[in-house]
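Trainee: model the structure of this input:
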Amino acid sequence: LENKLKLKYNNALETEAVDIIQRVDQNTGENVNYRETTTWHDGSVLDDEKIDGVIYKKINDKYYKRQYEGAIQLKWFGAVGDGVTDDTEAIQKAFDFGYINHNATFEIGHGIFNVTNTLYFPTRCGLKGSGMNESVFRMTNRTDVSTIDIREDKNAPNNISDPSLTNNTIYTKFSDFSIFGANWNGAVNTEAYEETSCGIFVSNMVKIDFERLTIRGFAGHGILIDKVYYIKLNNLFIEWNAISGLKVANSTSVQSVNCEFRVNGKGVILYQTYAWSFVNPLIESNVLSFRPAYEYGQSPYDRTSIGFLAFESWGGQISGGFFEDQLISIFLHYSYNIDVNGNFICNNSTWQQPPNYIPSYAIYFMGNGCHSNTIRNNSFLAYGTEVDVRMYFDVNTYGNTIEFNKKEHFDWLTQGQAWIWNEYKTNDILERSPKVICHESNEQFLYGKKIPLNGMYYGSSTERPAFATTGFQYLNTDTSKVEVKIGTSWIELN
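Mentor: Residues are numbered from 1 along each chain as shown. Here you go, the predicted structure:
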């Protein structure tokens, strides 16, 4: 042992050995061991350009590497977290180490870390805090930039064709911390929208995993994701963001579980995204940027007070959710093959009262591409005692199915909202109208007519449906005979 280690004590602050020296970290005050080395993390030969002064040091013309287990601490690099000091430079210095050593995990530590510019975080690395209320990044004075931008190369936007981004099996993972924007205390200027102001911005990459995060107070989105494949979102709390809590665009394989979206302009926006599921979402009071000047003639993409907007998206599921206090709870625009199942939906009634008289909708269907969606096993509640399952169907939509468990909901929609089917009938496209099913009373509303659930479409000889195609069966009430459409003729079945 004596041949391997010759210790000499220079002073109370440092200890030296043949291959190990000990120094006091000037940022944290802890004793740190450094081991002599000649190679960098990737096996290449060390030189002065690779020395960062924290993980790698040069002492007396020799190179040393910090000895540590577990995560890299931001405070090693000079981050203070006192809620006063600008920690931007120190945090970025820590993240820069991840750009040369992908797969690193960073520990934020306790405190409020003030940030004044975008932090670029390396892909395939991890960032974890001590808890959502214990570790906070706070953007102090900017409403025009994102707080964290995840990149493969700090100096250039991601390129989805880069094999290092698409051919990896490692998730970039964030957990257990908060990100506050300049409006973190809820004092949001609802007239000042800024698309680029986000808590987290991610684009052109694969595999992200966010869990147990709070994101609050941005002039744009809490999280903005564009062209990302394989997305995991778990137990997020997102509020007070002017445009939306979460926007996912041009992406696929999105899994969200137990996430809350409160008091944003919109709760969730999906744009041209497919293969997604939102399980147990809590989407409430997303009316932040709502103004009485709301007009239904606007593009639905620009509308506010929407809980969940699926825009040109498909192959998705919303299940087990809680929706309350939005003008529109779920908006399906040019979207198809979406299953809305087992949610509790309670609309906002405030704006339906004088002097505004702005209707509120549980589900809003719009656009020619909005088809083959299923709304089933949901519970609907209105403020007060009134039943309200108000839905809107643009006549360009088709092939959508609504299933109710309660007859009062079935009757409220099919009788109280008869204008829906009248619009389809006026345009001579009744076959495109939604199919409504009631399991409690074992009946359905098909092509604008109430019939038994397992029954047949019926009417007089003059009421035979013009939209019927070959093979369509019809009960003629004039003859009490079943007829089948063959070509252009109706033939009685024996």
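Trainee: OK, contacts around the residue sitting nearest the centre point of the chain?
Mentor: Closest to where the C-alpha atoms of the chain average out (C-alpha atoms, centre = their mean) is L246, at 4.1 Å. If a contact means C-beta atoms under 8 Å, 6 or more residues apart in numbering, then L246 has 221-223, 225, 233, 236, 238, 256, 259, 261, 267-269 as its contacts. C-beta here means a position set from N, CA and C on the backbone, and glycine is covered the same way.
Trainee: out of the residues you listed, which is most surrounded?
Mentor: G267 (34 neighbours; other C-beta atoms under 10 Å).
Trainee: you'd agree that one is in a helix?
Mentor: No. Assigned with DSSP: H, G, I helix; E, B strand; the rest coil, G267 falls outside any helix and is strand.
Trainee: quick one: it from T196, how far?
Mentor: In this view, G267 and T196 are 20 Å apart by C-beta to C-beta, to the nearest Å.
Trainee: what is the burial count for the closest residue to Y274 other than its chain neighbours?
Mentor: Nearest non-adjacent residue to Y274, counting by C-beta to C-beta, 6 or more residues apart in numbering: G315, 4.6 Å away. Residues near G315, counting by other C-beta under 10 Å, number 15.
Trainee: same check, this time on the one 5 residues further on
Mentor: Close neighbours of G320, defined as other C-beta under 10 Å, add up to 15.
Trainee: just checking, it touches I283?
Mentor: No. Taking contacts as C-beta atoms under 8 Å, G320 lies outside contact range of I283: 11.8 Å.
Trainee: distance of the residue nearest to the centre of the chain from G367?
Mentor: Going from L246 to G367 by C-beta to C-beta gives 22 Å.
Trainee: for T38, same thing?
Mentor: T38 is 64 Å from G367, by C-beta to C-beta.
Trainee: rewinding a little: in a markdown table: the contacts of L246, plus distance to Y120.
Mentor: Below are these laid out as a markdown table (distance: C-beta to C-beta, whole Å):
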| residue | distance to Y120 |
| --- | --- |
| H221 | 18 |
| G222 | 19 |
| I223 | 16 |
| I225 | 16 |
| L233 | 21 |
| L236 | 22 |
| I238 | 22 |
| S256 | 25 |
| C259 | 25 |
| F261 | 26 |
| G267 | 28 |
| V268 | 26 |
| I269 | 25 |
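Trainee: would you turn these into TSV with distance to F174 and pLDDT?
Mentor: TSV is the format used below for the contacts of L246 (distance: C-beta to C-beta, whole Å; pLDDT from 0 to 100):
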residue	distance to F174	pLDDT
H221	16	94
G222	13	96
I223	10	98
I225	12	97
L233	10	98
L236	10	98
I238	13	97
S256	14	98
C259	14	98
F261	17	98
G267	20	95
V268	18	97
I269	20	95
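Trainee: quickly find the element holding the residue lying closest to F137 once chain neighbours are set aside.
Mentor: Residue nearest to F137 in three dimensions, not counting chain neighbours: I179, with 4.8 Å by C-beta to C-beta, 6+ apart. In this structure, I179 sits in strand 172-180 according to DSSP states H and E.
Trainee: show residues contacting that strand.
Mentor: With C-beta under 8 Å, 6+ apart as the test, strand 172-180 has contacts from 108, 121, 123-139, 147-148, 150, 199-200, 205, 207-217.
Trainee: buried subset of those?
Mentor: Neighbour counting with 16 or more other C-beta atoms under 10 Å marks 108, 121, 123-129, 131-132, 135-139, 147-148, 150, 199-200, 205, 207-217 as buried within the contacts of strand 172-180.
Trainee: how about the strands of the stretch 151-300 of the chain, start to end?
Mentor: Using DSSP state E, counting those that start in this stretch, the strands found in the stretch 151-300 of the chain span residues 172-180, 198-216, 221-234, 237-239, 244-249, 252-257, 260-262, 266-271, 274-279, 282-284.
Trainee: distance to A468 added to the ones you listed, as CSV?
Mentor: CSV is the format used below for the strands of the stretch 151-300 of the chain (distance: least, C-beta to C-beta, whole Å):
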stretch, distance to A468
strand 172-180, 54
strand 198-216, 48
strand 221-234, 44
strand 237-239, 49
strand 244-249, 41
strand 252-257, 38
strand 260-262, 44
strand 266-271, 36
strand 274-279, 33
strand 282-284, 41
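Trainee: among those strands, which comes closest to W419?
Mentor: Nearest to W419 among the strands of the stretch 151-300 of the chain is strand 266-271 (26.6 Å), distances taken as C-beta to C-beta.
Trainee: hey, which helix is longest across this protein?
Mentor: Longest helix of the chain, by residue count under DSSP state H: helix 88-100.
Trainee: low-confidence ranges, the chain, go.
Mentor: 1-18, 162-167, 186-192, 289-304, 348-358, 382-387 (pLDDT under 70).
Trainee: next, the angle from the strand holding I179 to strand 221-234.
Mentor: 140 degrees (axes from the mean of the first three to the mean of the last three C-alpha atoms, to 10 degrees).
Trainee: that'll do, ta.
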